[in-house]
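*Asks:* No sequence on hand, only this structure:
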């Protein structure tokens, strides 16, 4: 999800001066964004290996914020982990 969101953001939104606000919504019924799979995280022996992925996500959130337009998370269902974090940014 994050890679697709970044691709769309970079291609369609970030440098587009016609975009004056952004609404994030999920295509899945009953779920906004679930975030990372906790089983995948648990299976990583050296948790420091997760740092680059966390930094990429944080960089994307900062890039979105730098656009300087109002952003709304249209939550219709669960927003877990990184999904809730996304909504709070």
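*Replies:* That came through, no problem. Not measured: the values here are computed from a predicted model.
*Asks:* Which stretches in this protein count as helices?
*Replies:* 2-8, 38-43, 51-66, 82-88 (DSSP state H).
*Asks:* With mean pLDDT and distance to residue 15 as extra columns, can I get these in a markdown table?
*Replies:* The way it works is simple: take the backbone N, C-alpha and C, and place the C-beta from them, glycine included. Output for the helices of the chain, formatted as a markdown table (pLDDT from 0 to 100; distance: least, C-beta to C-beta, whole Å):
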| stretch | mean pLDDT | distance to residue 15 |
| --- | --- | --- |
| helix 2-8 | 91 | 13 |
| helix 38-43 | 91 | 33 |
| helix 51-66 | 93 | 11 |
| helix 82-88 | 88 | 21 |
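*Asks:* between the ones you listed, which one is nearest to residue 29?
*Replies:* In this view, the helices of the chain are compared for proximity to residue 29 by C-beta to C-beta, and helix 82-88 is the closest at 14.6 Å.
*Asks:* counting contacts, what elements does that closest one pack onto?
*Replies:* In terms of contacts (3 or more C-beta pairs under 8 Å, 6 or more residues apart in numbering; DSSP states H and E), helix 82-88 is packed against strand 30-33, helix 51-66.
*Asks:* Of those, flag the one that's most buried.
*Replies:* Between these, the one whose residues have the most neighbours on average, counting mean count of other C-beta atoms under 10 Å, is strand 30-33 (a mean of 17).
*Asks:* May I have the strands that pair with it, each with its orientation?
*Replies:* Strand partners for strand 30-33, identified by DSSP bridges, are recorded as strand 77-79 (parallel).
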